[in-house]
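1. Got a sequence here, can you build the structure:
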Amino acid sequence: MNLGRSSDIVLARRTMVMVLVAIALLALAALIWRLSGVLLMVFGSVLIATILHAIGDPIARRTALSRNWALLVAGLIVLAVIGGTAWLFAAQVGTQISEALQQAENAIPAVGDAIGITGLSEYVATALRQAFDTERAFGVGYTAIEVVANIVLVIIAGIYLAISPDLYRDGVVMLFPRAARPLIADALNTSGSALRLWLFGQFFSMLTTGTLTWFIMWLLGLPSAAGLGLIAGVTEFIPLLGPFLGAVPALLIALTLGPAKALWVAIAFVVIQQIEAHLIQPLITRAAVSLPPALLVFTFVAFGTVYGATGILFAAPLTVVVFVFVKKLYVRETLGETTVIPGEAVLQDERAPIDSIQGRRDLDT
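-> Purely as a prediction, here's the structure:
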């Protein structure tokens, strides 16, 4: 009797523990879902730190600058490129939009007379005032301030991560059991190397798109062809939306030169994007991190559905990191399968000089 009662107590305790663990896992999943926006910001900071190191580390190796000074130079380069592109974009687009709005305003009365609507100008003005009333303008302004504040926060956190990456990596590793820490640290290092490979591939794709755009716009006789190429190249970093943003200034300029010129520019951008999307980008992505192109497409759709524009922006680099973790921790360590992991060869090449130095020290001792 006592033995049966003891077994019932043990079974009840096990059941209670399993229920509590299930509840804890569900609570953790709900918390992660609620904080998904914050986690995306954290990953944005990691991505910024990776970009700074991808530019700063070669500078430090080839010059007498220390790593921190090289990171400062890398940050200045990034700011110069982004600031110059934004200035060119505003200069090209702002002027053309002003001219287009002026032409549209002058054409409204003629359009109203042609379709038999008198006072069309006043009707359009009233509709615009209602569309941009004070409350909506305040809401748009508040959203813009919130977006800018989040971007500044991500950039500052990315700078701190770039200065002391080992500190934060070791902090994450310490959250896991002692036996799993070497494997987790190795997975984090490998994912960082894979992320740098993906960034180098993106830089090459941006350079190719910018050069093609500059050359074709120059052949078509558009003014500021080099500036249009720079805009198209930099905006290529933005998934899905970037190619359209890069084409806007060229199309607006072409419209001022005539419909035929605008048509040729539109065809040129379609051809450039087809070459980049179906030839250059898949080859670069597959060569850099071995990501199947179809996986990236579905990732864009999934992250865009869940997180909107922010999810689309981070979909590709997040896929790279998850891809590395799945192949390393699940396919290789759990299933025992032999698989090639992106970034692992690069990480071993980076460690080789350090290992050889340590080996010589061991021989000396």
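2. so who does Ile341 touch?
-> Shown in contact with Ile341 (C-beta atoms under 8 Å, 6 or more residues apart in numbering): 190, 194, 324, 327-328, 332. Yep, even glycine has a C-beta here, placed from its N, CA and C like the rest.
3. try 10 Å
-> Residues counted as contacts of Ile341 (C-beta atoms under 10 Å, 6 or more residues apart in numbering) are 187, 190-191, 193-194, 289-290, 323-328, 331-332, 347.
4. likewise Trp87?
-> Gly227.
5. Can you tell me the element it falls in?
-> Using DSSP states H and E, Trp87 maps to helix 67-115.
6. Low-confidence bits of the stretch 51-200 of the chain, can you list those?
-> 92-144, 147 (pLDDT under 70).
7. if you set the cut-off to 80 instead, what comes out?
-> Confidence mapping of the stretch 51-200 of the chain against pLDDT under 80 gives the ranges 85-86, 88-151.
8. Then the stretch 201-350 of the chain?
-> Using pLDDT under 80, the stretch 201-350 of the chain drops low at 224, 238-243, 255-259, 274-298, 300-301, 303-313, 337, 339-350.
9. Break down it into its helices, ranges please.
-> Ranges of helices in the stretch 201-350 of the chain, per DSSP state H, counting those that start in this stretch, are 225-235, 242-256, 259-275, 281-289, 293-307, 309-325, 344-364.
10. most tightly surrounded among those?
-> helix 225-235 (a mean of 23; mean count of other C-beta atoms under 10 Å).
11. Would you mind putting the CA coordinates of it into CSV?
-> Presented in CSV, the C-alpha positions along helix 225-235 are these (Å, rounded to 0.1, in the frame of the first residue of the first chain):
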residue,chain,number,x,y,z
ALA,A,225,24.4,59.5,-64.3
ALA,A,226,27.1,58.9,-61.7
GLY,A,227,24.8,60.2,-58.9
LEU,A,228,21.9,58.1,-60.2
GLY,A,229,24.2,55.0,-60.1
LEU,A,230,25.2,55.8,-56.5
ILE,A,231,21.6,56.1,-55.5
ALA,A,232,20.7,52.8,-57.2
GLY,A,233,23.7,51.0,-55.7
VAL,A,234,23.1,52.1,-52.1
THR,A,235,19.3,51.5,-52.2
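12. Which strands and helices lie in contact with that helix?
-> Here helix 225-235 touches helix 67-115, helix 181-219, helix 242-256, helix 259-275, going by 3 or more C-beta pairs under 10 Å, 6 or more residues apart in numbering; DSSP states H and E.
13. Pull the distance from the shortest one to the chain's centre.
-> Which is helix 242-256. Taking C-alpha atoms, centre = their mean, to the nearest Å, one finds the center of helix 242-256 at 22 Å from the center of the full chain.
14. Would you agree Thr299 is in contact with Val321?
-> No - Thr299 lies out of contact with Val321 (C-beta atoms under 10 Å); the separation is 11.6 Å.
15. quick one, domains of the protein?
-> 39-163, 180-357 (automatic domain parsing).
16. who wins for proximity to Val173 among these?
-> Val173 lies closest, by C-beta to C-beta, to one member of those: domain 180-357, at 4.8 Å.
17. And that closest one, how far out from the chain middle?
-> For domain 180-357 - counting by C-alpha atoms, centre = their mean - the centre lies 9 Å from the chain centre.
18. related to what we said a few turns ago, possible to save the helices of the stretch 201-350 of the chain as CSV with distance to Leu65?
-> As requested, the helices of the stretch 201-350 of the chain are exported to CSV (distance: least, C-beta to C-beta, whole Å):
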stretch, distance to Leu65
helix 225-235, 25
helix 242-256, 32
helix 259-275, 37
helix 281-289, 27
helix 293-307, 36
helix 309-325, 27
helix 344-364, 19
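19. Give me the distance between the two termini of stretch 231-242.
-> Length of stretch 231-242, first residue to last, C-alpha to C-alpha, to the nearest Å: 10 Å.
20. one step back: between the domains of the chain, which one is closest to Ala30.
-> domain 39-163 (13.5 Å).
21. what's the helix or strand for the nearest residue to Val154 once chain neighbours are set aside?
-> Excluding its sequence neighbours, the residue lying closest to Val154 (C-beta to C-beta, 6 or more residues apart in numbering) is Gly44, at 4.4 Å. Mapping Gly44 onto the secondary structure by DSSP H and E places it in helix 36-62.
22. helices or strands up against that helix?
-> Judged by 3+ C-beta pairs under 10 Å, 6+ apart, helix 36-62 is in contact with helix 2-34, helix 67-115, helix 134-163, helix 165-173, helix 181-219, helix 293-307, helix 309-325.
23. Quick one: neighbours of Ala277, just the number.
-> 13 (other C-beta atoms under 10 Å).
24. Roughly how far does it sit from Leu195?
-> Counting by C-beta to C-beta, to the nearest Å, the gap from Ala277 to Leu195 is 22 Å.
25. who wins for proximity to Leu39 among the helices and strands packed on helix 225-235?
-> Here helix 181-219 is closest among these (C-beta to C-beta), at 15.3 Å.
26. ok and the closest one relative to helix 36-62, angle-wise?
-> If you take axes from the mean of the first three to the mean of the last three C-alpha atoms, to 10 degrees, helix 181-219 sits at 80 degrees to helix 36-62.
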